[in-house]
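Novice: quick one: sequence plus predicted model below, questions after.
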Amino acid sequence: MTLILDAGGISALAGQRGRLMELRRRSLWPPQVPAAVLAESLTGDHRRDYHANRLLRTCQVRDITEPHAREAARLRTATGRAGTITATDAIVTALASTCHDPVILTTDPNDLTALAQHTQRPITIART
């Protein structure tokens, strides 16, 4: 199983030692985080980003390639809601679709569920 975090997943887990220990115990750590998620989850102020940055140091931040970006665009269009679903959510889903037994951890499962319905591989969406 591969855990993928979106911005909500990072926010929910940052500073939550107990939850992180549980994920490690279940062999779900380290998670994958698409680099684009950092732009959505960080402020650029090291004081405000302290807990998120501490969490991110233990994650595998993945570069987004052109094929990822093209798949994200296809997924957004396939939902019929390209104007309301963020590109970042689509990128998270596109990356997840390349992972083994992917689970996306999020605080907002609706858009990710809509995107995941259009992937070739099943993706589990889990609310934090």
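Specialist: Good, I have the coordinates. Numbering: from 1, shown residues only.

Novice: first vs last residue of stretch 58-71, how far apart are they?
Specialist: 27 Å (CA to CA, to the nearest Å).

Novice: relative to the whole chain's centre, how far out is stretch 83-100?
Specialist: Centroid separation for stretch 83-100 versus its chain: 8 Å, with CA atoms, centre = their mean, to the nearest Å.

Novice: and stretch 58-77, by the same measure?
Specialist: That offset, for stretch 58-77, works out to 10 Å (CA atoms, centre = their mean).

Novice: what comes up buried for the biggest helix by length in the chain?
Specialist: Taking DSSP state H as the criterion, the chain has its longest helix at helix 66-79. The neighbour-count check on helix 66-79 (16 or more other CB atoms under 10 Å) flags His68, Glu71, Ala72, Leu75, Arg76, Thr79 as buried. Every residue, glycine included, has its C-beta placed from N, CA and C.

Novice: so after the one helix or strand in the chain whose mean pLDDT sits lowest, what's the next helix or strand?
Specialist: Least confident helix or strand of the chain, by mean pLDDT, DSSP states H and E, is helix 17-25 with a mean of 93. Later in the chain than helix 17-25, the nearest helix or strand by DSSP states H and E is strand 32-34.

Novice: can you name every helix or strand that that following strand contacts?
Specialist: Under the contact criterion of 3 or more CB pairs under 8 Å, 6 or more residues apart in numbering; DSSP states H and E, strand 32-34 touches strand 2-5, strand 60-62, helix 87-96.
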